[in-house]
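S.K.: Everything below, folded, please.
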Amino acid sequence: MKFDKRFFFDRKAVSDIVGKEAAKALGKAGAFVRRRARSSLRRRKKTSAAGTPPSVHSQDAVATLKNIQFQFSPQSMSVLVGPLKLNGTSGAAVPGIHEHGESATIFQYRFNEHWFRTSKYNWRSARSKKNPSNPWRTRSKESITRLRAGNANIETRQVVANYAQRPYMGPALTAELPKFPSLFGRSA
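M.R.: As a prediction, this is how the structure comes out:
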């Protein structure tokens, strides 16, 4: 999901459109849903069970499923809440894959009998701190192309991975819905 800072609830433009009290209520509703969704995500190494919120494996503050934002939507006159779009090794948006359960194509390459994940769109994602013998870990797309041209033992492949549904935004909204009428009592 892409967010436009012009429509964050601390901006004057939002309160001019819907009014100060309604903007405050919509902002609180978005914050409640975001907090519930974030708290449902657990940092762990293993994969979560299908039907439960996904596990968070990233230690990065930005590139993580926990990076959830909310903003005002002028088209629907409501609040949009959702995670930032993260492209995985398939090039597909990771949060959407988890929420709805989808199939994605994963790009891999093999060098000296070991398969490594890479991205169709970002060859630098082939870096691996765990395996320093990875020939592509610090190389640009151009040098990878040269490396592939000069090395017959590098293969690439595409693997289709099926992801089970692991919703966390929908259940967060459902759990927070009973609080919304009291938020809008003064602004209605």
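
S.K.: May I have stretch 69-87 as CSV, with CA atoms only?
M.R.: Output in CSV follows, covering the C-alpha atoms of stretch 69-87 (Å, rounded to 0.1, in the frame of the first residue of the first chain):
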residue,chain,number,x,y,z
GLN,A,69,0.5,3.0,8.5
PHE,A,70,-2.9,4.7,8.3
GLN,A,71,-4.2,7.8,6.4
PHE,A,72,-7.4,9.6,5.4
SER,A,73,-8.9,8.5,2.0
PRO,A,74,-10.6,11.4,0.3
GLN,A,75,-12.3,9.1,-2.2
SER,A,76,-14.1,7.1,0.4
MET,A,77,-14.1,9.7,3.2
SER,A,78,-12.7,7.0,5.5
VAL,A,79,-9.4,5.8,7.0
LEU,A,80,-7.1,3.4,5.2
VAL,A,81,-5.0,1.1,7.4
GLY,A,82,-2.4,-1.3,6.0
PRO,A,83,1.2,-2.4,5.8
LEU,A,84,3.7,-0.9,3.5
LYS,A,85,4.3,-2.9,0.3
LEU,A,86,7.3,-5.2,0.7
ASN,A,87,8.6,-6.9,-2.4
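
S.K.: what ranges of the protein fall below the confidence cut-off?
M.R.: Segments of the chain classed as low confidence (criterion: pLDDT under 70) are 1, 86-92, 109-155, 186-188.

S.K.: in this protein, which spans are strands?
M.R.: Across the chain, reading from the start of the chain, the strands by DSSP state E fall at 42-43, 55-56, 68-73, 78-83, 103-111, 114-118, 154-162.

S.K.: partners of the last one, with directions?
M.R.: Each strand that pairs with strand 154-162, with its direction, by DSSP bridges: strand 103-111 (antiparallel).

S.K.: No further queries at this time; thank you.
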